[in-house]
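S.K.: predicted model follows, preceded by the sequence.
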Amino acid sequence: MDTEKVSALLRALELGSLSAAADDLGYTPSGMSRMMVSLESGLGFPLLIRSREGLRPTRECEHLLPHFRDLAAEAERGARIADALRGVESGEVYVGTPYPAYFQKLSRLMAAFSKEHPSIHLGLLEGMSTELAQMVEQRRADFCVISRRYGDFDWIPLVEDPLVALVSAEHPLAEQGFVTLDDLRREPFIMLHPEVETDCSRYLKQNSVEPNIRFSCRDTYAVYHMVEAGLGVTVDNALFASSVSNRVCALPLDPPQIIEIGIAVPHRERLSPAATMFLTMAGEYFAAS
């Protein structure tokens, strides 16, 4: 199977458009279309569904996507190994974390790595833990500091972190000193990142809690200001809550929930040479910090 066509297909699905993928990869739109027709002809069935919302995979394509991603990743890995054998450093490393507490560490690590390996491109990914774990599993990310998720990747534990409830300092619950499941059911609730799975949504589901959702927001710091203003309560990781103002109280939950924070990386035999070097430096960096 032609890995160039497979990589082009994956990029088109990622961008939602053949023309956008053609522009990104340096093909003409007609050339991109011919590649997709050729790929579909070779397989004997359609791979793409075109709609007003953009491209999406057919059912057959959905089944093949894990294989396509492995094929494209192995082709890229082979090219980078060939570069290394010629004495040329090349490649890309994509890292991510949802935790502001780790932004500084990751930035310093990336700066140190870039100084030693200036020809290797570094990218920073955005997303919550479940999203980043999926990127690692799909080999679109190489190194993510996230809360514990299970999947087809290696896991390196770092710390344990409790979930906490955030309430205004003037809220009666602040004097109570903890927040129960009944409190979460009763009080106006601010749902952070309502469209994706988070440690908060997992905790609520695990404890069969239907919160009284009055507000929702995708920005962590905006939610903290909403809590501070007395609009409601929310649940978040203590790592997130470490930077809140003294007008917001981070209270323990009853029952408590401890979240394991660690590093998700592809299995070592799947790592590119660049990602292997980054992981080696990261191990030394996190062990020393």
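M.R.: Alright, I've got the coordinates. Please read these numbers as outputs of a predicted model, since none were measured by experiment. Residues are numbered from 1 along each chain as shown.
S.K.: show me where pLDDT drops low in this structure?
M.R.: 86-89, 243, 288-289 (pLDDT under 70).
S.K.: please parse it into its domains.
M.R.: 3-85, 92-158+261-288, 160-260 (automatic domain parsing).
S.K.: redo those domains as a markdown table? Include mean neighbour count.
M.R.: Every C-beta, even on glycine, is put in place using the N, C-alpha and C of the backbone. Below are these laid out as a markdown table (neighbours: other Cβ atoms under 10 Å):
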| stretch | mean neighbour count |
| --- | --- |
| domain 3-85 | 16 |
| domain 92-158+261-288 | 18 |
| domain 160-260 | 17 |
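S.K.: show me what the nearest residue to Pro194 once chain neighbours are set aside is bridged to.
M.R.: Counting by Cβ to Cβ, 6 or more residues apart in numbering, Pro194 lies nearest to Ser216, which is 4.3 Å off, once chain neighbours are set aside. Note on Ser216: beta-bridge partners Met191, judged by DSSP bridges.
S.K.: got a list of what Ser216 touches?
M.R.: By Cβ atoms under 8 Å, 6 or more residues apart in numbering, Ser216 lies in contact with Ile190, Met191, Leu192, Pro194.
S.K.: want to throw these into TSV with distance to Ala72?
M.R.: Listed next are the contacts of Ser216 as TSV, based on distance: Cβ to Cβ, whole Å:
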residue	distance to Ala72
Ile190	40
Met191	36
Leu192	34
Pro194	32
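S.K.: closest one of these to Val95?
M.R.: Nearest to Val95 out of those is Leu192 (Cβ to Cβ; 22.7 Å).
S.K.: how about the closest one, what does it touch?
M.R.: Thr198, Cys200, Ser216, Cys217, Arg218, Thr220, Val223, Thr234, Asp236.
S.K.: what about the strands in the stretch 1-150 of the chain?
M.R.: 48-51, 54-57, 92-96, 121-125, 143-147 (DSSP state E, counting those that start in this stretch).
S.K.: out of those strands, which comes closest to Ala112?
M.R.: Per Cβ to Cβ, nearest to Ala112 of the strands of the stretch 1-150 of the chain: strand 121-125, 10.9 Å.
S.K.: for that closest one, packing partners?
M.R.: When contacts are defined as 3 or more Cβ pairs under 8 Å, 6 or more residues apart in numbering; DSSP states H and E, strand 121-125 packs onto strand 92-96, helix 103-116.
S.K.: tell me which strands the strand ranked longest in the chain pairs with, and in which orientation.
M.R.: Criterion DSSP state E: the longest strand present in the chain is strand 154-168. Using DSSP bridges, strand 154-168 pairs in its sheet with strand 234-237 (antiparallel), strand 248-254 (antiparallel), strand 258-265 (antiparallel).
S.K.: CSV please, covering these and showing distance to His117.
M.R.: Shown next, in CSV, are the strands paired with strand 154-168 (distance: least, Cβ to Cβ, whole Å):
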stretch, distance to His117
strand 234-237, 32
strand 248-254, 39
strand 258-265, 17
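S.K.: of all the ones you listed, which lies closest to Pro66?
M.R.: For the strands paired with strand 154-168, proximity to Pro66 was assessed by Cβ to Cβ; strand 258-265 is nearest, at 17.0 Å.
S.K.: just give me how far the closest one sits from the chain centre.
M.R.: 12 Å (Cα atoms, centre = their mean, to the nearest Å).
S.K.: what's the following helix or strand after that strand?
M.R.: For strand 258-265, the succeeding helix or strand toward the C-terminus, using DSSP states H and E, is helix 273-288.
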